[in-house]
Structure formats: C-alpha cells, structure tokens
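Peer 1: Sequence and predicted structure below; questions after.
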Amino acid sequence: MKLYPLLLGRTKVPFGQFYGGLNGWEGFGALFRFVTDKKHFIWVPIHAYLLEHPKEGLILVDAGILILVAIGVNRFLKIFWPHLNGG
C-alpha cells in the first residue's frame with residue numbers, strides 16, 4: 001500500500017465556529033455573526049490522504065480536524081491566538 005498526504009487548499013472560517021463547536025453558531029444568530037464579525041476569522045488548511053490499496057484501488061480519506069485541537073481549544077488559544085491575531 002502507498003499513502004499520499006494531500007494539502008487540498010485552505011478555507012477561511014470564524015474562529016469561534018471552528019474551535020468553539022455549535023454554541024452560538026446555530027440559526028439566524030449564526031448567520032448574523034458570520035456576516036458581521038470579520039475580525040475573528042482564521043485560515044485553516046484542508047487535508048486529505050489518498051490510499052493506494054493493491055486490491056481495493058484508490059481510497060480518499062478526509063482528514064478533518066485533530067481531536068486534540070477540537071477538545072483542547074483553551075490550550076490552543078493560549079499558545080496560538082496571539083500569532084493568529086497579528087500580535
């Protein structure tokens with residue numbers, strides 16, 4: 001088998017929506033926050049892996065977000081927010 005890591009691009013997302021879960025990012029309020037709050041956006045990479053299997057052929061796997069980042073948002077903020085916020 002061969003495994004190919006792929007960087008498919010990047011996307012710009014609201015920091016709170018990406019790292020804070022759905023709290024405050026549901027319904028009309030989420031749309032309002034998305035349209036009006038442009039100062040807390042961050043660029044995030046879009047990763048995937050292409051697995052070349054000898055019998056099954058090619059399999060594309062979406063890498064998603066790291067679980068440690070998803071559940072450790074406070075640690076992430078403390079370490080990286082000053083750099084992401086231009087500080």
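Peer 2: Here it is on my side, so go on. Residues are numbered from 1 along each chain as shown.
Peer 1: Now do the strands in the protein.
Peer 2: Assigned by DSSP state E, the strands in the chain fall at 2-14, 41-53, 57-62.
Peer 1: Indicate which one of the ones you listed is closest to residue 31.
Peer 2: strand 2-14 (11.3 Å; C-beta to C-beta). From N, CA and C alone the C-beta is placed, and that goes for glycine too.
Peer 1: Remind me what that closest one packs against, helices and strands.
Peer 2: Using 3 or more C-beta pairs under 8 Å, 6 or more residues apart in numbering; DSSP states H and E, the elements in contact with strand 2-14 are strand 41-53.
Peer 1: where are the low-confidence patches of the protein?
Peer 2: 16-26, 65-87 (pLDDT under 70).
Peer 1: Swap in 50 and give it another go.
Peer 2: Applying pLDDT under 50 to the chain flags residues 85, 87.
Peer 1: need the contact list for residue 46.
Peer 2: Contacts here follow C-beta atoms under 8 Å, 6 or more residues apart in numbering; on that basis residue 46 touches 7, 8, 9, 10, 11.
Peer 1: Please give me every residue in contact with the fourth one.
Peer 2: Translated: residue 10. Neighbours of residue 10 in contact, by C-beta under 8 Å, 6+ apart: 43, 44, 45, 46.
Peer 1: before we move on, what about the first one?
Peer 2: Residues near residue 7 by C-beta under 8 Å, 6+ apart: 45, 46, 47.
Peer 1: any idea how far the second one lies from residue 34?
Peer 2: Spelled out, that is residue 46. Computed as C-beta to C-beta, to the nearest Å, the residue 46 to residue 34 distance reads 19 Å.
Peer 1: For the residue lying closest to residue 63 once chain neighbours are set aside, name its beta-bridge partners.
Peer 2: Excluding the flanking residues, the one nearest residue 63 by C-beta to C-beta, 6 or more residues apart in numbering is residue 47, at 3.9 Å. Judged by DSSP bridges, the bridge partners of residue 47 are residue 7.
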